[in-house]
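Participant: Quick check, what structure comes out for this input:
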Amino acid sequence: MNVFKTALLGSAAAIVAVGSAQAADLPSRKAAPVEYVKVCDAYGSGFFYIPGTDTCLKIGGAVVGEYRAYTSSYRVSRNFEGQAVTYGAAGAVPSVTNFSNARSSDNQGYSATGRIELDARTGTSFGVLRTFLRVESYYGSDTSSATGSFSGGSGNVFSNAGTFRNNARETTILNKAFIQFAGLTAGRVQSFFDFYTDNINWEALRGSNATVGALAYTYTFGNGFSGSLSLEDNVSRRGLIGSTVGNAAILNAITGVAGADAAFKGAGAPFVYNGQVDGAQIPEIVGNARYDAGWGAAQVSAAAHQIRTSLYSSGAASTAYSFSPITQDDYGFAVQGGVQINLDKTTPYFAPGDKLWAQAVYARGAVGYLTGNNLSFEAAAVNANTFYGFGNGGTKASNGWSFNSYDCVWTALGHCDKSEGWAVSAALKHYWTPTISSGFYGSFLSLTNSNAAVAGVGNGVGALNVDEYRIGSNLVWTPVKNFDIGAEVMYLRDTYRNRPAGLAPDATLWAAGLPSWKSSNATVEGRLRVQRSF
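Facilitator: So this is what the prediction gives:
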C-alpha cells in the first residue's frame, strides 16, 4: 500500500511539473501599469500633471447668466457730428436712419457667457514655459444683442421709427491666447499699457482696457520691480477719423490747385470729403514700469500710436489704383499712472480682501486708450469691422444725442487735427461679511477737439467736446466659493460743451420730426447676475 501511495504521488508530481513547464512556454500578456493623475503643486492649486509628461495643466472656466434693463429714450446716432455732410442754408439735419424713437428699442434683455480656460506650465532651465488659452461663447438678446456679437437690430417698420433691437445673437471669440517663456510674451493678451481693467464692475468704465495682439518682453529687476516693452496691434486701438471739409473751394485752397476737387469726385458726386483710415505700418509701441509689494501695486505706462489717414470724396469714382493727393502720417500718444492698495494690509479698519484702485490716463490722437473695454461692443462687433472695438463703440453711450470720438479730424486748414482727452477711474471692493461684498466705482472722461475741428466750416458739421461720468455699485452674495449672485446699478451721463457747428436750428429739426438738440443725456442701467467660476 505504501508503495502504491508513493507511486501515485510521484506521478502527480510529474504531471504538475510537466504542466508547469508547458505553461511557462506559452506567451503571456502583462497588464499595463496604471498612470494615475498626480497633483502638481509647483504653480499653485488646481494643477495636475498631464500623464506621461512633466507639464502641469489647470482647467478652469465660468458661466455667467445676466438680466439687463435700461432707461430708454429717443436716440440720434453719432453719424453726423464731426463729419462732412451736404446741407442747405438752414443747416444739417440728421437722416431719419440716424434716429430711433423711445419705443423702437428694447430696454431689457438677457445674456449668457460660457468660458473655458487652459493653463499649461512646464519648468525649464530658462524658467517656466507657460501656454494660456481662454475661449468665450456669448449669447445676447434685445438690448444685449449688439454687445459682444454681430451688430444687432432688425429692419424698420416705418422709415422714421428707428431700428428695433429684438434680435438674439450668438458668437464665439478668442479672448486670450498667449505663450510666455523667459520674459517673452506672444499672442493675444491684455495690453501691457493697462492697469485697472474693470476688475469688479460689470458695465465698463472709461480708461484703457484692451485685449490686443502683442509681442512683448518683461524684465524683472527684483524686489518687486519690473518693466515691459511691447509691440501691440494698432487695429485694436484704432479710432475714427473725422472731416469738416465740405465743399470744393476749401479743398482747392488746401491743395493750392484750382480744380483739384475734380480728382476726388465722380460724375454728379457731391463736394463732400471724408477722412479715411489708412493701413497701419507701425504697431503700437507700449512700455510700462511696475512695482508689486504686499501692500499692493503701482504702474506707469506710455504708448505711441500711429495715425495714417487720407481725404476722399464721399461720392468718388475710385479705381484699384486711385490715391488721394491729401494724406497725413502722424503719431498720437497716451500716458497713464495707476495704484492698487490692499486695504486690509495697510489698516485694521478694513476686512480681508478689501482693495482700492485708482488710475488716470491722458491721450492725444489716441482715443482708444480712453474709451473703455474693446471687447464690449455696442456699435459693431466681431465682424471684421474696420474700427474693431473703437472709440465710443467700445462701450455703451447714453441715450439722446450721441457723440463720436476721433483720433483726428480733417479741417479747412488742410490738416487732420488730433483730439486730446483724459480719463480718471476709481474702484473700491469691500467685504461686509466673508460672503457679502460690494463694489463702488466710477469714471470721468473728457474729450476735446481743436477749434478748427469744432468750427466745422464749409458744410462740415463740427465735432463735439464731451464730458462723461459713470457711477455705479454692486452687491454680491457668495454662498459657495466661486459662486456669485449679485445686482449692479450704474448711472451714465454725457454733457456736451458745445452745440455742433452747422447743425440746423431746433425749429428745422422739429419740422423734420426730430427732437431738439439736447446738450446733456443720461441713462440708468441695472443688472442681475448669477456667475459660477471653476
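Participant: sec struct for Asp292, please.
Facilitator: Three-state call for Asp292 (DSSP: H, G, I helix; E, B strand; the rest coil): strand.
Participant: gap between the one helix or strand Arg134 maps to and the chain center?
Facilitator: Using DSSP states H and E, the secondary-structure element containing Arg134 is strand 127-141. Here the centre of strand 127-141 is set off from its chain's centre by 14 Å, with CA atoms, centre = their mean, to the nearest Å.
Participant: do stretch 281-294 as well
Facilitator: Here the centre of mass of C-alpha atoms in stretch 281-294, compared against the chain's by CA atoms, centre = their mean, lies 18 Å away.
Participant: Mind listing residues that contact that stretch?
Facilitator: Residues outside stretch 281-294 that contact it (CB atoms under 8 Å, 6 or more residues apart in numbering) are 191-193, 212, 214, 216, 224-234, 237, 297-306, 308, 342, 345. Bear in mind the C-beta positions are built from the backbone N, C-alpha and C, glycine included.
Participant: Put the alpha carbons of it into CSV.
Facilitator: Once side chains and other backbone atoms are set aside, the C-alpha atoms of stretch 281-294 remain, and they are given as CSV (Å, rounded to 0.1, in the frame of the first residue of the first chain):
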residue,chain,number,x,y,z
GLN,A,281,2.7,100.5,-40.9
ILE,A,282,4.0,100.5,-37.3
PRO,A,283,2.5,98.7,-34.3
GLU,A,284,1.6,100.3,-31.0
ILE,A,285,4.8,100.8,-29.0
VAL,A,286,4.0,100.3,-25.4
GLY,A,287,6.1,100.4,-22.3
ASN,A,288,5.5,100.1,-18.5
ALA,A,289,7.3,100.2,-15.2
ARG,A,290,5.6,98.3,-12.3
TYR,A,291,6.1,97.8,-8.6
ASP,A,292,4.4,95.0,-6.7
ALA,A,293,4.5,94.6,-2.9
GLY,A,294,2.5,93.2,-0.1
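Participant: which residues in the stretch 401-534 of the chain form helices?
Facilitator: Applying DSSP state H, counting those that start in this stretch to the stretch 401-534 of the chain gives helices spanning 451-455, 506-511.
Participant: helices or strands next to the first one in the packing?
Facilitator: Of the remaining helices and strands, none touches helix 451-455 by 3 or more CB pairs under 8 Å, 6 or more residues apart in numbering; DSSP states H and E.
Participant: which residues in the stretch 151-300 of the chain form strands?
Facilitator: For the stretch 151-300 of the chain, applying DSSP state E, counting those that start in this stretch gives strands covering 168-181, 184-190, 207-209, 211-222, 225-232, 240-243, 273-277, 284-293, 296-313.
Participant: Need the mean per-residue confidence for the shortest one.
Facilitator: Okay, so that is strand 207-209. Mean pLDDT, computed over strand 207-209, is 93.
Participant: What strands flank that strand, and is each parallel or antiparallel?
Facilitator: Next to strand 207-209 in the sheet, as set by DSSP bridges, lie strand 371-373 (parallel).
Participant: Distance from the partner strand to the middle of the chain?
Facilitator: When distances are taken as CA atoms, centre = their mean, strand 371-373 is centred 6 Å away from the chain's centroid.
Participant: Same question for stretch 187-200.
Facilitator: The chain centroid and the centroid of stretch 187-200 are separated by 9 Å under CA atoms, centre = their mean.
Participant: try stretch 197-216
Facilitator: Using CA atoms, centre = their mean, the mean C-alpha position of stretch 197-216 is found 6 Å from that of the whole chain.
Participant: CA atoms only: put it into CSV for me.
Facilitator: Extracted C-alpha coordinates of stretch 197-216, given in CSV (Å, rounded to 0.1, in the frame of the first residue of the first chain):
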residue,chain,number,x,y,z
THR,A,197,-9.3,96.5,-16.2
ASP,A,198,-12.9,96.5,-14.9
ASN,A,199,-11.9,94.2,-12.1
ILE,A,200,-15.0,94.5,-10.1
ASN,A,201,-17.6,96.4,-12.2
TRP,A,202,-19.8,94.7,-14.8
GLU,A,203,-20.6,97.7,-17.1
ALA,A,204,-17.4,99.1,-18.4
LEU,A,205,-15.7,102.2,-17.1
ARG,A,206,-13.8,104.6,-19.2
GLY,A,207,-10.0,104.4,-19.4
SER,A,208,-7.9,101.7,-21.0
ASN,A,209,-9.0,98.0,-21.1
ALA,A,210,-7.9,96.4,-24.3
THR,A,211,-7.3,92.9,-25.5
VAL,A,212,-4.6,93.0,-28.2
GLY,A,213,-2.2,91.0,-30.3
ALA,A,214,1.3,91.6,-28.8
LEU,A,215,4.9,90.6,-28.8
ALA,A,216,6.4,91.7,-25.5
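Participant: List the buried residues for that stretch?
Facilitator: By 16 or more other CB atoms under 10 Å, the buried positions in stretch 197-216 come out as 197-198, 200-216.
Participant: what residues does stretch 52-60 touch?
Facilitator: Outside of stretch 52-60, the residues that reach it under the criterion CB under 8 Å, 6+ apart are 35, 40, 42-43, 46-50, 116-123, 533-534.
Participant: If any of the residues you listed are buried, give me the ChimeraX selection for them.
Facilitator: Taking 16+ other CB under 10 Å as the burial criterion, the selection of buried members of those in ChimeraX is written as:
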select :40,43,47,49,117,119,120,121
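Participant: Keep only those of the contacts of stretch 52-60 that are in strands.
Facilitator: Using DSSP state E, the members of those that fall within strands are 48-49, 116-123, 533.
Participant: Turn these into CSV, including pLDDT and distance to Gly442.
Facilitator: Formatted as CSV, the ones in strands among the contacts of stretch 52-60 follow (pLDDT from 0 to 100; distance: CB to CB, whole Å):
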residue, pLDDT, distance to Gly442
Phe48, 95, 42
Tyr49, 95, 45
Ile116, 96, 32
Glu117, 96, 30
Leu118, 98, 35
Asp119, 97, 33
Ala120, 98, 38
Arg121, 97, 37
Thr122, 97, 42
Gly123, 95, 43
Ser533, 94, 26
